[in-house]
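S.K.: I'll drop the sequence and a predicted model, then ask my questions.
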Amino acid sequence: MKSLWIAFLAFAAFGGGAFVALAPESACADTWIPPETRVILSPNGQYRLTVEPAPPDNRFQNSVENELAKKLSPTGLLERKLADGGWEEVWTAALVNPIAPVTAAISDDGRYVVTFDNWGGVGRGDHVVVIYGARGETVRSLRLNEILPDEYIAALSHSVSSTGWLDNYSMASGENRIELDVLVPNGERPIQAAETVRFGIDLKDGSVVPPPAKEWGDAQYAAERVMEERGGVIYVGQPGT
């Protein structure tokens, strides 16, 4: 499978606007520009999510726990398409990211919205994957190490701000699950040669569904090889632990 960095996919989905340089060594620099208001459609085009980034005064706060910060949080507006081509609000809610998510997915029935990553730090911090329910409530927010083991994350490619962990994602047809094509660590080899391993996340409760044992074992071995090449030997544990 041809691999693309999540940063490229997300910014393309958002119409461009930021550049993140991800490379095997964590010393690689990267640059982010301020986020803009973006609109994401469900696969069937019947729902759309408008993401309004946090105002500039909140963009470098690390928390949205206090009431003032909540007023300055990014917001999501989910709308349903009407027969006449207009749009009807389903819900409006504050999003939990400090600045904005990088991208998002919507189920075809509009019951779930899933956002990915934090603007300014792909794969870093809280809220790497967030599930919102039918009323805009937060079903679950996941850090990357709640999906992948820390040792596996360490073997992925990093920049100063970001970790290249996700190649692509899709809503499972007819199921309350989103499927994530997670990158397999490939060390110094070309990005084009990267492979993926598929995880699932149950949208009802945010539980992580690991890949088949053989595929996960192969991905673990690839991560171990990368860390050995970097001079460290690791044991990769179970996903989601």
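M.R.: That came in fine, so what should we check first?
S.K.: which secondary structure element contains the residue most central in space within the chain?
M.R.: With distances taken as Cα atoms, centre = their mean, the residue of the chain nearest its centroid is Phe116 (2.5 Å). Phe116 belongs to strand 113-118 when assigned by DSSP states H and E.
S.K.: which helices and strands does the top helix by length along the chain pack with?
M.R.: Using DSSP state H, we find that the single longest helix of the chain is helix 213-229. Under the contact criterion of 3 or more Cβ pairs under 8 Å, 6 or more residues apart in numbering; DSSP states H and E, helix 213-229 touches helix 150-155, strand 196-202. (Each C-beta comes from the backbone N, C-alpha and C, glycine too.)
S.K.: quick check, distance from it to the centre of its chain.
M.R.: 22 Å (Cα atoms, centre = their mean, to the nearest Å).
S.K.: pLDDT on it, on average?
M.R.: Averaging pLDDT along helix 213-229 yields 93.
S.K.: Give me the neighbour count for the closest residue to Asn145 other than its chain neighbours.
M.R.: Leaving aside its sequence neighbours, Asn145 sits nearest to Ile153 (Cβ to Cβ, 6 or more residues apart in numbering; 6.2 Å). Here the number of neighbours of Ile153 (other Cβ atoms under 10 Å) works out to 20.
S.K.: Pull up the gap between Ile153 and Gly123, please.
M.R.: Using Cβ to Cβ, to the nearest Å, one gets 8 Å for the distance from Ile153 to Gly123.
S.K.: Next: Trp216.
M.R.: Trp216 is 19 Å from Gly123, where distance means Cβ to Cβ.
S.K.: Going by how many neighbours each has, rank those two and give me the top one.
M.R.: A side-by-side neighbour count of Trp216 and Gly123, using other Cβ under 10 Å, places Gly123 first with 28 against 19.
S.K.: Does that one touch Ser161 like I think?
M.R.: No: counting by Cβ atoms under 8 Å, Gly123 sits too far from Ser161 to count as a contact (9.4 Å).
S.K.: Would you indicate which residues of whichever strand or helix holds Leu180 are buried?
M.R.: Here Leu180, judged by DSSP H and E, is contained in strand 177-183. For strand 177-183, burial by neighbour count (16 or more other Cβ atoms under 10 Å) applies to 177-178, 180-183.
S.K.: Going by distance to Val197, which of those wins?
M.R.: Val182 (5.4 Å; Cβ to Cβ).
S.K.: got a list of what the residue nearest to Gly110 when sequence neighbours are not counted touches?
M.R.: Spatially, and ignoring its direct neighbours in sequence, Gly110 is nearest to Tyr47 (4.3 Å; Cβ to Cβ, 6+ apart). Neighbouring residues of Tyr47 by Cβ atoms under 8 Å, 6 or more residues apart in numbering: 41, 78-81, 90, 106-108, 110.
S.K.: angle of the strand holding Phe116 against strand 177-183?
M.R.: If you take axes from the mean of the first three to the mean of the last three Cα atoms, to 10 degrees, strand 113-118 sits at 20 degrees to strand 177-183.
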